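K.L.:
below are the sequence and a predicted model for it; my questions follow.
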There are 2 protein chains.
Amino acid sequence: MISMTTDRFDATPRTRVKRLPDRGSYDRALVHAILDEGIICHVGITVEGQPFVLPMAYARRGDALLLHGSSASRLLKSLAGGIHACVTVTHLDGLVIARSTFHHSMNYRSVVALGTATPILDPERKLQALADLVEHLVPGRGPDARPPNDQEMKATTILDFPLTEVSAKVRSGPPGDEPEDLALPHWAGVIPMTTQYGHPEAAPDLSAKGPIPPYLIEYRRTRS
Amino acid sequence: MISMTTDRFDATPRTRVKRLPDRGSYDRALVHAILDEGIICHVGITVEGQPFVLPMAYARRGDALLLHGSSASRLLKSLAGGIHACVTVTHLDGLVIARSTFHHSMNYRSVVALGTATPILDPERKLQALADLVEHLVPGRGPDARPPNDQEMKATTILDFPLTEVSAKVRSGPPGDEPEDLALPHWAGVIPMTTQYGHPEAAPDLSAKGPIPPYLIEYRRTRS
């Protein structure tokens, strides 16, 4: 089935946001924006009845995620075998400090995607996928590093994880205290949270002459 | 079985770090430190063969995690039913920029805990657990908020998730380039990543007089 590109993903019984549905969204642009800001996802698989959740680097390419890791990893092998998986990306944006203990909360943006992955085996497509991954993780780095050799390509598994069953969930803004609590003497508001990217630190054995490449100094700006 | 408190968790076949085992650890102090620095975990459960991974607030209390959420949430209900779960906490510490594409990596600290949760039902224990959660998430806030009423306590589920099968994984330091790549002209090093807590932003409807409480201004320092 070829799905038409629309501005929304279809909500399915498994991805429909049930709790606080007004926080849920299937908006394609929102899902893409949340995914594009992230660097790691948490991937869930089930092995012999036991769920495992592991962090992984990823990139979005159109309506799919690229996942990558060592070909020797059990997680990668399991995923490549086509088992059911869940990929979740979460950004924490703030701690919500309410007048009541109950209404303390967090501001966040998350995406939950259900599906199965397929390994990218064709050498050219795999090399392109790796380039896309590098460009997502460190924009500008691709041409400024030694490309992978055959052995390294073999040691790397890259998976294509189509975004089909996917939902976003967002909480933002001030606390939602009860009307009768508004006059209480407790401070209320939000402590904002952001990810800070620091100044690049050179490797102790760096012999390359010249300044830190601009795309690394600019990293913070390109990221968020 | 009563387990003695030792300085290490037992590695089990399910928690033994197989890939790059030198990055794995079962050291109790390290596991505790990683957990204490975090605010959200990613919880994995399996429903009808499909894994789901969702972010949740948590706190550590001794060798257990406290997980909490709405009593109406499917995740909380499933967890309270005692199904197999996986709780993962990840801190990203840096982007590792290597001379070769292949050795690009991330510095991180993560904990993966396998087990089952039990709801805390006893009202006094539950109230204490909620206080512990608040103290972990916003140290000092507990006494400075309206306590939960009976209805709010009913609407909140708090789970006890014992840390039994648990492992930590850590990567730190500069890139691990191949010896023959060290002389390449590419810059190499680490872009450090930290979580930044900003200045508290007051709710638009704040009527409470007085300054922002010191424990909120000091939040950044108490957190990391």
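P.N.:
Looks like it came in fine.
K.L.:
number of nearby residues for residue A:196?
P.N.:
Neighbour count of residue A:196, defined by other CB atoms under 10 Å in any protein chain shown: 12. C-beta coordinates here come from the backbone N, C-alpha and C atoms, glycine included.
K.L.:
touching, it and residue B:198? I think so.
P.N.:
No - counting by CB atoms under 8 Å, residue A:196 does not reach residue B:198; the two are 10.3 Å apart.
K.L.:
identify the bridge partners of residue A:157.
P.N.:
Under DSSP bridges, the beta-bridge partners of residue A:157 are residue A:69.
K.L.:
any idea how far residue B:144 is from it?
P.N.:
Using CB to CB, to the nearest Å, residue A:157 is found at 50 Å from residue B:144.
K.L.:
so where do the helices sit in chain A?
P.N.:
Applying DSSP state H to chain A gives helices spanning A:28-37, A:74-80, A:123-137, A:150-154, A:214-217, A:219-223.
K.L.:
of all those, which one comes closest to residue B:167?
P.N.:
Closest approach to residue B:167 among these (CB to CB): helix A:74-80, 13.4 Å.
K.L.:
against residue A:40, how distant is residue A:212?
P.N.:
24 Å.
K.L.:
scratch that, residue A:208 is what I was asking about
P.N.:
Remark: distance between residue A:208 and residue A:40 (CB to CB) = 27 Å.
K.L.:
show residues contacting stretch A:22-40.
P.N.:
Here stretch A:22-40 makes contact (CB atoms under 8 Å, 6 or more residues apart in numbering or on different chains) with A:5-11, A:15-17, A:55-58, A:60, A:63, A:65, A:89, A:91, A:109-111, A:136-137, A:163, A:166-171, A:223-224, B:90, B:92, B:95, B:106, B:108.
K.L.:
mind checking the pLDDT average for stretch A:39-57?
P.N.:
The average pLDDT for stretch A:39-57 rounds to 96.
K.L.:
off-centre distance for it?
P.N.:
Mean-position distance between stretch A:39-57 and its chain equals 13 Å (CA atoms, centre = their mean, to the nearest Å).
K.L.:
then it to CSV, C-alphas only?
P.N.:
The C-alpha trace of stretch A:39-57 is given here as CSV (Å, rounded to 0.1, in the frame of the first residue of the first chain):
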residue,chain,number,x,y,z
ILE,A,39,20.1,12.7,18.9
ILE,A,40,19.2,9.5,20.7
CYS,A,41,16.0,7.5,20.9
HIS,A,42,15.0,4.7,23.3
VAL,A,43,14.3,1.5,21.4
GLY,A,44,12.1,-1.2,23.0
ILE,A,45,12.0,-4.8,21.9
THR,A,46,10.8,-7.9,23.6
VAL,A,47,12.9,-11.0,24.0
GLU,A,48,11.4,-14.1,25.6
GLY,A,49,8.7,-12.1,27.2
GLN,A,50,11.0,-9.5,28.7
PRO,A,51,11.0,-6.0,27.3
PHE,A,52,14.4,-4.3,26.8
VAL,A,53,14.8,-0.6,26.4
LEU,A,54,18.2,0.7,25.0
PRO,A,55,19.4,4.1,23.9
MET,A,56,20.4,4.4,20.2
ALA,A,57,21.5,7.1,17.8
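K.L.:
of the helices of chain A, which is nearest residue B:80?
P.N.:
Residue B:80 lies closest, by CB to CB, to one member of the helices of chain A: helix A:74-80, at 27.5 Å.
K.L.:
show me what counts as buried in that closest one.
P.N.:
For helix A:74-80, a neighbour-count test (16 or more other CB atoms under 10 Å in any protein chain shown) marks A:75-76, A:78-80 as buried.
K.L.:
now the residues you listed in a markdown table, with distance to chain B?
P.N.:
A markdown table is the format used below for those (distance: CB to the nearest CB, whole Å):
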| residue | distance to chain B |
| --- | --- |
| A:75 | 8 |
| A:76 | 9 |
| A:78 | 11 |
| A:79 | 11 |
| A:80 | 15 |
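K.L.:
will you turn those residues into JSON lines that also has pLDDT?
P.N.:
Listed next are the buried residues of helix A:74-80 as JSON lines, based on pLDDT from 0 to 100:
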{"residue": "A:75", "pLDDT": "91"}
{"residue": "A:76", "pLDDT": "92"}
{"residue": "A:78", "pLDDT": "94"}
{"residue": "A:79", "pLDDT": "95"}
{"residue": "A:80", "pLDDT": "94"}
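K.L.:
much appreciated, bye for now.
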